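>>> Let me see the structure of the following:
(2 chains)
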There are 2 protein chains.
Amino acid sequence: MMRYPVLVPDLPTKEQLLPWLAKIDSNRWYTNFGPLVQEFESKLARLLSLDTAYLATVSSGTAALELALLSYDLPKNSCVLVPSFSFPATATSVKRAGLCPVLTDVDPETWTLTPEIAYQVLEKNSCSMVMPVAAFGCPLPIETWDKFNSDTGIPVLIDAAASFGSQAIGTRCSIAFSFHGTKAFGIGEGGLVVAKSADFIKKIRQLCNFGFDGGVIARCGCNAKMSEYHAAVGLAQYSRWNGIVKQRQSLLQIYKHLLKNTGIEISFQQTPERYIPALLPILIPFSNSLSTVIDSLTDHGIQTRCWYSPPLHKHPAFIGDKTIPPDGKAYLPVTENLSNYLLGLPFHSLLEEKDIVYICDVLSMSLNGKK
Amino acid sequence: MMRYPVLVPDLPTKEQLLPWLAKIDSNRWYTNFGPLVQEFESKLARLLSLDTAYLATVSSGTAALELALLSYDLPKNSCVLVPSFSFPATATSVKRAGLCPVLTDVDPETWTLTPEIAYQVLEKNSCSMVMPVAAFGCPLPIETWDKFNSDTGIPVLIDAAASFGSQAIGTRCSIAFSFHGTKAFGIGEGGLVVAKSADFIKKIRQLCNFGFDGGVIARCGCNAKMSEYHAAVGLAQYSRWNGIVKQRQSLLQIYKHLLKNTGIEISFQQTPERYIPALLPILIPFSNSLSTVIDSLTDHGIQTRCWYSPPLHKHPAFIGDKTIPPDGKAYLPVTENLSNYLLGLPFHSLLEEKDIVYICDVLSMSLNGKK
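Predicted coordinates:
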């Protein structure tokens, strides 16, 4: 293990879990929409200022995506517009829901699929659905996406896997969040679907429980229920949430301040002023070689990660899928650049200011061509 | 809640979980094939006298079925022979894997799909796969199914959801187990795929992790990984397993002894002498009305359950699927009888002998037409 790992999960300790485990012991209820899942959903609803009828916990962020896609009841093989710059689950969930991903580019500033890009693609191509991704936790402009849906009638599912707590809910889009151990609100494995439609959420609950509706299966679902154990972790994590948010925001400020002081042209993802960063990706100057920089950081015990490399359109499973550059000219140039120059730096709650100073010093040297 | 619930899960207490939770705290590893999942898999392998290359834990028994079905790489819409007398997940997993369930009857003694029935159906119908179910934990004759596979070349996946610890492994079939909270080896949510093929198990591991194979997605999978928390419950449950097995076997003996003493013609599922009962289903005499008996037991605080009612061929989701009676004459008569006369009695570790005496007394009165 390297001295500065890129990611260290920050989850509740056993002491913090104990009161909730005591409840499980006395309830003797371990899954199937138990009392802890219900309490966790109530707390999440409070955090999002929503009625609990508008959200459903599930077993993972990927299950949240897949079940939300199924709940739109689109005809088989309908096209879903998806940014190529994302984690593979964005596109695997589309295919597993019996739909076809259509891969396109992202905006060079926010690194996300914007409504502008979607409109450009839709001018010459038809898609039954759009699934923008809140990359690295950067929340998407919900009013703009709500307006897109209202203007076009095309359903929008936001893959907000890393964006719980930052992503606003709006009124017309559905949103899938992940509580995977690596996320800011980590509980091990878990996911959440949010939509301002009680009918939609009811479908999610049925589909995550085999498809049961009044004792019979009307439509085939899977088993994607959140267990009481993961709800226990969620409830303990809920109490730690404000602290986690503050610490992540403070770490990002320190990083940004130090990286700007290097005088090197490092680019950051354009995000709202206040949000909850999930990771720390930076874009190094195109004059540098990413692999040389990575080697140099590795030599100093600093682990890095290249998101998302390869981008979706280069995975064997998606090579046969349609790829549509918004301008019709180049081959997803922004996504290609990001996958060639994006560097993920260590970002987690065990980092102290001195660690970040060291990491930025090493990075600065390396970008200046010094070993 | 009724005084005698039909089912009370028996899982480890918080004190029994603590040593494992301490390990999670120090590992800071929460999912993605972590050290506790690896240790749990090692212990399961020891219990089954297998190499760990021949098994993979997943997030649920249903995920185990679905990923095992996918791993056979059958052409889309291939037919899979399935007993109609089963829990819906048996057939939902077939459909979700892009295959077509063909529903048939079960044997009147073992209440399972036997190789004899499969041969009968296959005489006039072609199926690409057979998926017999180890109903209520009753293990299937693995040598006979291995021989069936060896003779016909047709792959066999055993849905042994409730049969962990009883179902022998053999050499040619794949087997899916569930660790759902209601199972004898309950851990909340969890599943296991076993197959004497390291390649097959490697596919399961890839498919439960989005389909990743060497950093890229070659084939779309889902997220069905077992988390470290569920592995912790599994490891604690492993230490309690011998006690659980003995107690369940003893409860069954007491029940059988008392029920036989009633002098009423109650039928039991035909099982091997020694196995680990998952539930306690009995078949009441056809001269009785099941609903009258249920009402009478309910009046005495005794909860019951009717497995599997409705049978699969009567669920809206499967009504369009092929149903093939083995003799070509009647309409799944055994399955129909079972769903009309099978009564699930309370069966769990909180039951004492005096409780069973009471339950059998009430049942006896009720079957004799007394209130």
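>>> list the helices and strands the host helix or strand of residue A:22 packs on?
Following DSSP states H and E, one finds residue A:22 within helix A:14-27. When contacts are defined as 3 or more C-beta pairs under 8 Å, 6 or more residues apart in numbering or on different chains; DSSP states H and E, helix A:14-27 packs onto helix A:35-47, helix A:228-261, helix B:14-27. Any C-beta I mention is one placed from the backbone N, CA and C, and that applies to glycine too.
>>> Contacts made by it with the rest, please.
With contact meaning C-beta atoms under 8 Å, 6 or more residues apart in numbering or on different chains, helix A:14-27 is reached by A:30, A:34-36, A:228-229, A:231-233, A:235-236, A:239-240, B:13-14, B:17-18, B:21-22, B:24-25.
>>> do that again at 7 Å, thanks
The contact list for helix A:14-27 (C-beta atoms under 7 Å, 6 or more residues apart in numbering or on different chains) reads A:30, A:34-36, A:228, A:232-233, A:235-236, B:13-14, B:17-18, B:21-22, B:25.
>>> PyMOL command for the buried members of the residues you listed?
Buried residues among the contacts of helix A:14-27 (16 or more other C-beta atoms under 10 Å in any protein chain shown), as a PyMOL selection:
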select buried, (chain A and resi 30+34+36+228+232+233+235+236) or (chain B and resi 14+17+18+21)
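>>> which stretches of the stretch 151-300 of chain A have low pLDDT?
The stretch 151-300 of chain A contains no residues with pLDDT under 70.
>>> In it, what residue lies closest to chain B?
Nearest residue of the stretch 151-300 of chain A to chain B (C-beta to the nearest C-beta) works out as residue A:181 at 3.4 Å.
>>> Which residue comes closest to that residue once chain neighbours are left out?
residue B:30 (3.4 Å; C-beta to C-beta, 6 or more residues apart in numbering or on different chains).
>>> so what's the one you found up against?
When contacts are taken as C-beta under 7 Å, 6+ apart, residue B:30 is in contact with A:9, A:11, A:181, A:186, A:188, B:24, B:227-228.
>>> Highest neighbour count among these?
Of all the contacts of residue B:30, residue B:227 has the most neighbours under the rule other C-beta atoms under 10 Å in any protein chain shown, reaching 32 neighbours.
>>> Show the contacting residues for that one.
The contact partners of residue B:227, by C-beta under 7 Å, 6+ apart, come to A:188-189, B:30-31.
>>> farthest pair in these?
Among the contacts of residue B:227, the pair separated by the greatest distance (C-beta to C-beta) is A:189 and B:30, at 7.9 Å.
>>> could I get the helices and strands packed on helix A:14-27 as CSV with distance to residue A:199?
What follows is those, written out as CSV (distance: least, C-beta to C-beta, whole Å):
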stretch, distance to residue A:199
helix A:35-47, 17
helix A:228-261, 24
helix B:14-27, 38
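>>> All the helices of the stretch 1-150 of chain A, residue numbers only.
Here the stretch 1-150 of chain A has its helices, by DSSP state H, counting those that start in this stretch, at A:14-27, A:35-47, A:61-71, A:89-96, A:115-124, A:142-152.
>>> List the contacts of the second one.
By that I understand helix A:35-47. For helix A:35-47, the surrounding residues in contact (C-beta under 7 Å, 6+ apart) are A:20, A:23-24, A:27, A:29, A:51-52, A:55, A:57, A:192, A:226, A:228, A:231-232, A:234-235, A:238.
>>> check contacts around the spatially closest residue to residue A:245 that is not a sequence neighbour.
Among residues not flanking residue A:245 along the chain, residue A:276 sits closest, at 5.3 Å (C-beta to C-beta, 6+ apart). By C-beta under 7 Å, 6+ apart, the contact set of residue A:276 is A:137, A:165-166, A:184, A:245, A:248-249.
>>> go again using 8 Å as the cut-off
A:137, A:163-166, A:184, A:245, A:248-249.
>>> How about residue A:129?
Contacts of residue A:129 (C-beta under 8 Å, 6+ apart): A:69, A:72, A:74, A:78-81, A:99, A:154-157.
>>> Let's see that with 6 Å instead.
With contact set as C-beta atoms under 6 Å, 6 or more residues apart in numbering or on different chains, residue A:129 has these partners: A:80, A:155.
>>> Likewise for the one 10 residues further on?
By C-beta under 6 Å, 6+ apart, the residues touching residue A:139 are A:163, A:166-167, A:275.
>>> Go again with 8 Å.
A:160, A:163, A:166-168, A:271-272, A:275.
>>> can you check residue A:303 too?
A:2, A:4-6, A:297, A:346.
>>> swap the cut-off to 6 Å and go again
Here residue A:303 is in contact with A:2, A:5-6 (C-beta under 6 Å, 6+ apart).
>>> Same question for residue A:61.
Contacts of residue A:61 were listed using C-beta under 6 Å, 6+ apart, and they are A:161, A:178, A:180, A:191.
>>> one step back: return the member of the contacts of helix A:14-27 nearest to residue A:211.
For those, the residue nearest residue A:211 by C-beta to C-beta is residue A:34; the value is 19.7 Å.
>>> Now that that closest one has come up, it's in contact with residue A:230, right?
No - using C-beta atoms under 6 Å, residue A:34 is not in contact with residue A:230; the gap is 10.8 Å.
>>> before we move on, back to that, tell me which of the helices and strands packed on helix A:14-27 lies nearest to residue B:128.
Nearest to residue B:128 among the helices and strands packed on helix A:14-27 is helix A:228-261 (36.3 Å), distances taken as C-beta to C-beta.
>>> C-terminal to that closest one, which secondary structure element comes first?
In N-to-C order, the element after helix A:228-261 by DSSP H and E is strand A:267-268.
>>> Now find how far off-centre the next helix-or-strand element following that following strand is within its chain.
Downstream of strand A:267-268, the first helix or strand assigned by DSSP H and E is strand A:280-283. The chain centroid and the centroid of strand A:280-283 are separated by 16 Å, computed with C-alpha atoms, centre = their mean, to the nearest Å.
>>> From the rest of the structure, what touches strand A:280-283?
Here strand A:280-283 has contacts from A:136, A:255, A:266-267, A:307, A:341-345, A:347, using C-beta under 6 Å, 6+ apart.
>>> Rebuild those residues as a markdown table, extending it with neighbour count.
As requested, the contacts of strand A:280-283 are exported to a markdown table (neighbours: other C-beta atoms under 10 Å in any protein chain shown):
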| residue | neighbour count |
| --- | --- |
| A:136 | 23 |
| A:255 | 22 |
| A:266 | 18 |
| A:267 | 17 |
| A:307 | 18 |
| A:341 | 19 |
| A:342 | 22 |
| A:343 | 22 |
| A:344 | 20 |
| A:345 | 22 |
| A:347 | 23 |
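>>> closest to chain B among the residues you listed?
Closest to chain B out of the contacts of strand A:280-283 is residue A:307 (12.5 Å), distances taken as C-beta to the nearest C-beta.
>>> quick one: the closest one is in a helix?
No - counting by DSSP: H, G, I helix; E, B strand; the rest coil, residue A:307 is not found in a helix; it is coil.
>>> OK, contacts around it?
By C-beta under 6 Å, 6+ apart, residue A:307 lies in contact with A:281, A:344.
>>> Contacts for stretch A:319-329 next, please.
For stretch A:319-329, contacts defined as C-beta under 6 Å, 6+ apart pick out A:101-105, A:117, A:120-121, A:125, A:313, A:332.
>>> Swap in 8 Å and give it another go.
A:79, A:84, A:91, A:100-105, A:117, A:120-121, A:124-125, A:313, A:331-333.
>>> and the stretch 51-200 of chain A, which of its residues are near chain B?
A:59-63, A:66, A:88-89, A:91-93, A:95-96, A:180-181, A:186, A:188-189 (C-beta under 8 Å from any C-beta of the partner chain).
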